[in-house]
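[1] below are the sequence and a predicted model; questions follow.
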Amino acid sequence: MPKIVGAETLAPDINKIVVEAPQIASKASAGQFVVLRVDEQGERIPLTIFDWDSGEGTIDLVFLKVGTSTQKLGRLKAGDTLADILGPLGKPFPVKKYGKIACVGGGLGIPAIHPIARAMRQAGNEVVSVVGARTRQLMILSDEMSCASDSLLMCSDDGSCGVKGFVTNVLTDVLDDLDLVVAVGPVKMMEAVAELTRNKADTIVSLNPVMVDGTGMCGACRVKVGGQVKFACVDGPDFNAHQVDFKELWNKNNQYVESERHSMKCWGRGND
Ligand SMILES: Cc1cc2nc3c(=O)[nH]c(=O)nc-3n(C[C@H](O)[C@H](O)[C@H](O)COP(=O)(O)OP(=O)(O)OC[C@H]3O[C@@H](n4cnc5c(N)ncnc54)[C@H](O)[C@@H]3O)c2cc1C
Ligand code: FES
């Protein structure tokens, strides 16, 4: 069973774990993810591979404790094990030389944009990273993002860290001479970035529909891109932002809110 070899809290409700997974670490590329189960009874949850070390045979995952499975995951310590972990899944991000690019990460999109920014810089692009969080406390991984970028621009909703405002406010100021924009974060943020860059810069977003198997078998992650049905787990997760049907994605992601609340309530009762 995959063993956790490191666990730390990065911010309130945001944790990082290091998992022994040599086969995944030897094949991982920027933009890929894993699907794991915390225990035999648990659901499968997808998490982006934030970092990996093929020498040590480990992968790093950063997650927000948002519901039952991520709360359970957040309780594990070094030495504990997961039921199983599958990956690397999804297509690697199309890393090549584009020129000057912006890597935009909002909230838990920051750990997902980090390996993409790093790989794009290594490929010879000039990388301007734009990261946003609600408050300074929730601004995670700024040292790592700084190392992965030529320049790092930060913003927060309340102005406690960087510019006061959203990532789209900051992106507006640098949009003129960009060859590509890559954005990862909440659906509404990616939709706003897509609207801002339409007819101005090619834009790729990494989609986060609900996933179950992560291998193209169950159909749970169906999204509409350019009028066609795609499975985000095998056809993505990266897609042309200007062709994504964000409204449908938003509605689908909110379909399970009631059952997720119920699951959290039942689990909470047993863990008070
Ligand atoms: C490709 C991909 C990569 C992701 N990477 C990260 C990451 O690096 N860090 C991180 O914190 N989160 C990431 N997520 C979201 C993460 O999978 C969910 O937060 C997690 O599954 C929530 O499970 P839960 O039981 O704790 O919460 P629940 O109460 O079950 O759900 C809370 C919310 O999480 C989302 N969600 C629930 N189940 C799933 C599922 N099976 N698949 C996708 N989303 C779900 C829904 O929006 C839901 O409303 C990623 C999602 C995808 C699709
Ligand atoms: S998660 Fe099952 S098809 Fe994509």
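    Received it, and whenever you're ready, just let me know what you need. Ligands and ions are numbered 1, 2, ... in the order given.
[2] does residue 97 touch residue 123 like I think?
    Yes. Because the distance of 5.6 Å satisfies CB atoms under 8 Å, residue 97 is recorded as touching residue 123. For glycine as for every other residue, the C-beta is placed from the backbone atoms N, C-alpha and C.
[3] what parts of the protein come near ligand 1?
    For the chain, the contact set with ligand 1 under CB under 6 Å from any ligand atom comprises 33, 45-48, 62-64, 66-70, 108, 111-112, 208-211, 237, 253, 257, 260, 264.
[4] now the buried members of those residues.
    For the residues of the chain next to ligand 1, a burial check counting by 16 or more other CB atoms under 10 Å picks out 33, 45-48, 62-64, 67-70, 108, 111-112, 208-211, 237, 260.
[5] so residue 97 and residue 123 - more neighbours on which side?
    residue 123 (14 against 10; other CB atoms under 10 Å).
[6] residues touching that one, list them.
    Residue 123 sits next to 95, 96, 97 when contact means CB atoms under 8 Å, 6 or more residues apart in numbering.
[7] can I get the helix or strand hosting residue 70 in CSV? Just the C-alpha atoms.
    Using DSSP states H and E, residue 70 sits within helix 68-74. The C-alpha trace of helix 68-74 is given here as CSV (Å, rounded to 0.1, in the frame of the first residue of the first chain):
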residue,chain,number,x,y,z
THR,A,68,-15.1,13.9,3.6
SER,A,69,-12.2,12.3,1.6
THR,A,70,-9.9,15.3,1.7
GLN,A,71,-10.6,15.7,5.5
LYS,A,72,-9.7,12.0,6.0
LEU,A,73,-6.6,12.5,3.9
GLY,A,74,-5.6,15.5,6.0
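[8] against which helices or strands is it packed?
    With contacts defined as 3 or more CB pairs under 8 Å, 6 or more residues apart in numbering; DSSP states H and E, helix 68-74 has these neighbours: strand 14-20, strand 45-48, strand 58-64, helix 257-270.
[9] try it again at 10 Å.
    strand 4-11, strand 14-20, strand 33-37, strand 45-48, strand 58-64, helix 257-270 (3 or more CB pairs under 10 Å, 6 or more residues apart in numbering; DSSP states H and E).
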